[in-house]
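K.L.:
Output the structure for:
(one chain, ligands or ions: 1)
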Amino acid sequence: MSSKAKSGSRAKKKADAPDLFGASGGKPVEKLTEAEARRELEHLATEVAEHDRAYFERDAPVISDADYDALKRRNSAIEARFPKLIRPDSPSHRVGAKPSEKFAKVVHRVPMLSLDNAFSDEDVAEFVARIRRFLGLKDEQDVVFTAEPKIDGLSASLRYEKGVFVQGATRGDGAEGEDITANLRTIKDIPLRLHGKAPEVLEVRGEVYMTHANFAALNRRQEKEGKPTYANPRNSAAGSVRQLDPSITAARDLNFFAYTWGEVSKLPADTQWGMLEAFKAFGFRVNPLVRHCETTKQILKFYSDIESKRAKLGYDIDGVVYKVDDLKLQDRLGFVSRSPRWAIAHKFAAEQAETILEKIDIQVGRTGKLTPVARLKPITVGGVVVENATLHNEDEIARLDAREGDTVIIQRAGDVIPQVVKVLTDKRPRGSRPYPFPHTCPICHSHAVREVDEKTGKEDVDRRCTGGLICAAQAVERLKHFVGRDAFDIEGFGGTYIETLHEAGMLKEPADIFQLAKQPAKLGKVLAAKRAEQSAERRAREGKDAVETKSKKKDEGEGKLVENLVAAIDARRRIGLDRFINALGIRHVGETNARLLARNFHSIDAFVEAMEGDDALEQLNAIGGIGDVVAEAIKDFFDEPHNRKLLDHLLKEVDVQDVAAPKIKGSPVAGKTVVFTGSLEKMTRQEAKVKAESLGAKTAGSVSKKTDLVVAGPGAGSKLTDAQKFGVKVIDEDAWLAMIKGL
Ligand code: IVH
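P.N.:
Numbering: from 1, shown residues only. A predicted model of the protein is given here:
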């Protein structure tokens, strides 16, 4: 069972989030005695089984995906050291029912995106200022926002064709969700037929939620019937719509608020407010607390009003959402990565609780970063059991003076990893000592150092292992990143496999994954070795016959497992350039920068060739959005011969698809390089660049002989001179607007 399969409702794993139970969790495996190992394996088998039930049967997970994977990893590590202790009910052998296979898939025609978060008044002020800057508004020009409660439920997309409800889907990963039409039909707030004259095609999106009263009644019923209870209304709403039997959903009394939309053949309004009014007229419920706000002050007043009403609303909200009201402005503002620039979620303050910091562990990430993790005495915060929290870095431990044995206040907000915010020093046990942050890597024992910025002379906040390519922890983390969701996304090839195969010496670099797929027998052998040990163990315990029937079953299961794994790997031999670049794990190059690079260079050959050239840094610096630090990191990556070798090996295995410049019909600038300079009057330079890029142009910060067009406003300086020097075409802002008119 991969964490991907479970990501529907367990907290999502953040790309650079610490892995809370990693290889260094608990007592190091190599120090366990046989008796301790036996006890821990027994404990892990029960615990993982309980989490599986919580997740699959009750839709009420109590730990994050990362923690769940970590438990299974610890189990495998102990089993690898004590093969004869492998239990028949070991979590390594259990393949959980994939919830995502319960329902048919639905591809969202318009992706279901997420919102950026604001946690403070300053964040909100910056959001408003950013919008004003982007649009280049003058002081006297107002922007109108809608302010809406952020409902804490499960988002759903409802498709209506000719006014009839035809399909309902969960959000899933935003691109693809699950078809839950039959269940949604049972919710009375969801009209089966729209009132009035609705557009031919209309996808209404909003939140399925359960009121506090219905939640309490449901749990009372569950208890009476001896069934498990739900942790909170959100999990119970999710569990209720993800029932295979719609009559169960019908009995659960769910509600729905409409707040946005997907595909629409003809928009019934030109503001967010107007759209909500239209939804009401079509027969939906819209949250009655939605208001118009024009200034940051009004926005913040709305926030505090809602916060004071929160406890009495009768349903859970976890913040408020602000959206630019005018849809034309929303269009101009567009999106950054996966969130709109025109909206933000202002989250309510996190919930806090007091517990004991039992131990501090250090985890090593893929870039060598040492992350301290607090192992806590388990405590429930806002309906979720928290056992681990991040301590961020060395300075944070020093600032808090956090020590093992301390009583601490932890804080948890939504899906964000819990953190230690305060140490209650008056409850500190006698004789405790400050935590000595290690200066060597706990895995490869290389020096761990804090880099000093050459320009500022300042020390980096993170201490990093200098073991680089020799550090097993970094290697494993890099491989995990490689197969991860935003990179190669190899289904079912999770952390446990990577660790097992890495330990067995079969997986050293990414290309090995594709080599392994060509040798299923070899892959199967690793599993078979485990099976043999396990059979021996079982034979000793249960007698010969039992082993024979059971291991035959196991054979079939394992054969299928290897087959699925090989198919999943082979399915990814073709990959887009942006994902490929992200998968390389270059420092500072995540999804966004990878996309910028892919759009700029178009093909892997062009990218590699450019990075080998003498002007690699200049080429990188010319890409809008790529700064000095990122450019240096990319250059460093290509300067390292080992990385080049690794890349060559990989390119023998996979086919990297070019990223074509978006071919906008009739765009005069598709594939061209455009430079904006001087002051523009009808739009800001950032807006102009975003528009040019949406028309398939590359935008650059400096003029070279490769530049195709310079758009110059008043006050243009050296770039204009350069354009004249290189004979590049120069036009003014009005000519630019005329050129792209109607596009
Ligand atoms: S608007 C393009 N409005 O919050 C963004 N979302 O973090 C469209 N949510 O997935 C979302 N109340 O499940 C929007 N009034 C509201 C909302 C809301 C709750 C949820 C929604 C979304 C998540 C974004």
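K.L.:
Do a quick rundown of the helices in the stretch 101-250 of the chain.
P.N.:
Along the stretch 101-250 of the chain, counting by DSSP state H, counting those that start in this stretch, helices occupy 121-135, 181-184, 212-224, 233-241, 246-250.
K.L.:
Redo those as CSV? Include mean pLDDT and mean neighbour count.
P.N.:
(C-beta placed from N, C-alpha, C; glycine too.) Output for the helices of the stretch 101-250 of the chain, formatted as CSV (pLDDT from 0 to 100; neighbours: other CB atoms under 10 Å):
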stretch, mean pLDDT, mean neighbour count
helix 121-135, 95, 16
helix 181-184, 94, 22
helix 212-224, 89, 15
helix 233-241, 89, 25
helix 246-250, 88, 16
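K.L.:
For the stretch 201-350 of the chain, which residues are neighbours of the ligand?
P.N.:
By CB under 6 Å from any ligand atom, the residues of the stretch 201-350 of the chain that approach the ligand are 207, 259-260, 321, 340, 343, 345.
K.L.:
Closest one to Asp426 out of the residues you listed, please.
P.N.:
Closest to Asp426 out of these is Ala345 (36.8 Å), distances taken as CB to CB.
K.L.:
bridging residues for that closest one?
P.N.:
In this entry, Ala345 is beta-bridged to Asn117, Val321, by DSSP bridges.
K.L.:
What's the separation between it and Ser694?
P.N.:
Counting by CB to CB, to the nearest Å, the gap from Ala345 to Ser694 is 25 Å.
K.L.:
Between these two, which has more neighbouring residues?
P.N.:
Shown here are Ala345 and Ser694; by other CB atoms under 10 Å, Ala345 has more neighbours (19 against 14).
K.L.:
can you pull the contacts of the more buried one?
P.N.:
Going by CB atoms under 8 Å, 6 or more residues apart in numbering, Ala345 touches 115-118, 150, 319-321.
K.L.:
now swap in Leu370 and tell me
P.N.:
Contacts of Leu370 (CB under 8 Å, 6+ apart): 362-364, 393-394, 437-438, 441-442, 448, 462-465.
K.L.:
SS state for it?
P.N.:
The three-state label given to Leu370 by DSSP: H, G, I helix; E, B strand; the rest coil is strand.
K.L.:
Next, find the distance separating it from Asn393.
P.N.:
Distance, Leu370 to Asn393, using CB to CB: 8 Å.
K.L.:
okay, and the common contacts of the two?
P.N.:
With CB under 8 Å, 6+ apart as the test, Leu370 and Asn393 both reach 462-463.
K.L.:
so what secondary structure elements neighbour the longest strand anywhere in the chain?
P.N.:
Determined from DSSP state E, the single longest strand within the chain is strand 351-364. For strand 351-364, the packing partners by 3 or more CB pairs under 8 Å, 6 or more residues apart in numbering; DSSP states H and E come out as strand 370-381, strand 407-412, strand 419-423, helix 472-483.
K.L.:
Just the buried residues of that strand, please?
P.N.:
Residues of strand 351-364 classed as buried by neighbour count (16 or more other CB atoms under 10 Å): 351, 353, 355-357, 360-364.
K.L.:
Give me the sheet partners of it and which way each runs.
P.N.:
strand 370-381 (antiparallel), strand 407-412 (antiparallel).
K.L.:
What's the separation between whichever residue of the chain sits closest to the ligand and Val264?
P.N.:
Nearest residue of the chain to the ligand, counting by CB to the nearest ligand atom: Ser155, 3.2 Å away. Counting by CB to CB, the gap from Ser155 to Val264 is 17 Å.
K.L.:
swap in Arg109?
P.N.:
10 Å.
K.L.:
got any residues that touch both of the two?
P.N.:
Joint contacts of Arg109 and Val264 (CB under 8 Å, 6+ apart) are Glu203.
K.L.:
Give me the more crowded residue out of these two.
P.N.:
Taking other CB under 10 Å, Arg109 and Val264 do not tie; Val264 has more neighbours (18 against 11).
K.L.:
So that one sits against Leu202, correct?
P.N.:
Yes. Applying CB atoms under 8 Å as the test, Val264 and Leu202 come out as touching, 5.4 Å apart.
K.L.:
Just the element for the closest residue to Lys689 other than its chain neighbours, please.
P.N.:
With CB to CB, 6 or more residues apart in numbering as the criterion, Lys689 has its nearest non-adjacent residue at 4.5 Å, and that residue is Thr699. Per DSSP states H and E, Thr699 falls inside strand 698-699.
K.L.:
Report all helices and strands that that strand contacts.
P.N.:
Other elements packing on strand 698-699 under the criterion 3+ CB pairs under 8 Å, 6+ apart are strand 673-677, helix 685-694.
K.L.:
what about the strands in the stretch 51-200 of the chain?
P.N.:
Along the stretch 51-200 of the chain, counting by DSSP state E, counting those that start in this stretch, strands occupy 105-107, 117-118, 145-151, 154-161, 164-170, 176-178.
K.L.:
The second one and the ligand, are they touching?
P.N.:
No. Counting by CB under 6 Å from any ligand atom, no contacts exist between strand 117-118 and the ligand, the nearest distance being 7.5 Å.
K.L.:
other SSEs contacting that strand?
P.N.:
helix 121-135, strand 343-347.
K.L.:
got the CA coordinates for stretch 641-651 in PDB?
P.N.:
C-alpha atoms of stretch 641-651 as PDB (Å, rounded to 0.1, in the frame of the first residue of the first chain):
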ATOM      1  CA  PRO A 641      30.800  14.500 -12.900                       C
ATOM      2  CA  HIS A 642      28.900  11.900 -10.900                       C
ATOM      3  CA  ASN A 643      25.600  13.700 -11.600                       C
ATOM      4  CA  ARG A 644      26.400  13.800 -15.300                       C
ATOM      5  CA  LYS A 645      27.000  10.000 -15.200                       C
ATOM      6  CA  LEU A 646      23.800   9.400 -13.300                       C
ATOM      7  CA  LEU A 647      21.900  11.500 -15.900                       C
ATOM      8  CA  ASP A 648      23.400   9.600 -18.800                       C
ATOM      9  CA  HIS A 649      22.500   6.300 -17.300                       C
ATOM     10  CA  LEU A 650      18.900   7.500 -16.700                       C
ATOM     11  CA  LEU A 651      18.600   8.900 -20.200                       C
END
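K.L.:
Other residues contacting it?
P.N.:
Stretch 641-651 has contacts (CB under 8 Å, 6+ apart) with 469, 509-511, 514, 584, 604, 608, 637-638.
K.L.:
Going by neighbour count, list what's buried in that stretch.
P.N.:
For stretch 641-651, the neighbour count (16+ other CB under 10 Å) marks 643, 646-647, 650 as buried.
K.L.:
One more: stretch 423-437?
P.N.:
For stretch 423-437, a neighbour-count test (16+ other CB under 10 Å) marks 423, 435, 437 as buried.
K.L.:
re the thing from before, who wins for proximity to Thr33 among the helices and strands packed on strand 117-118?
P.N.:
Closest to Thr33 of these is strand 343-347 (CB to CB; 45.9 Å).
K.L.:
tell me the angle that closest one makes with strand 145-151.
P.N.:
50 degrees (axes from the mean of the first three to the mean of the last three CA atoms, to 10 degrees).
K.L.:
quick one: strand 343-347 to chain centroid distance?
P.N.:
17 Å (CA atoms, centre = their mean, to the nearest Å).
K.L.:
Let the chain start at 47 from now.
P.N.:
Yep, numbering from 47; the last one is strand 389-393 now.
K.L.:
Now do the SS call for the residue nearest to Ile124 when sequence neighbours are not counted.
P.N.:
By the measure of CB to CB, 6+ apart, the closest residue to Ile124 outside its immediate chain neighbours is Ala83, 5.2 Å from it. Put simply, Ala83 is helix when judged by three-state DSSP.
K.L.:
State the number of residues packed around Ile363.
P.N.:
22.
K.L.:
who's it bridged to?
P.N.:
Going by DSSP bridges, Ile363 forms beta bridges with Ile197.
K.L.:
from what I can see it touches Lys196, true?
P.N.:
Yes. Counting by CB under 8 Å, Ile363 touches Lys196, with 5.6 Å between them.
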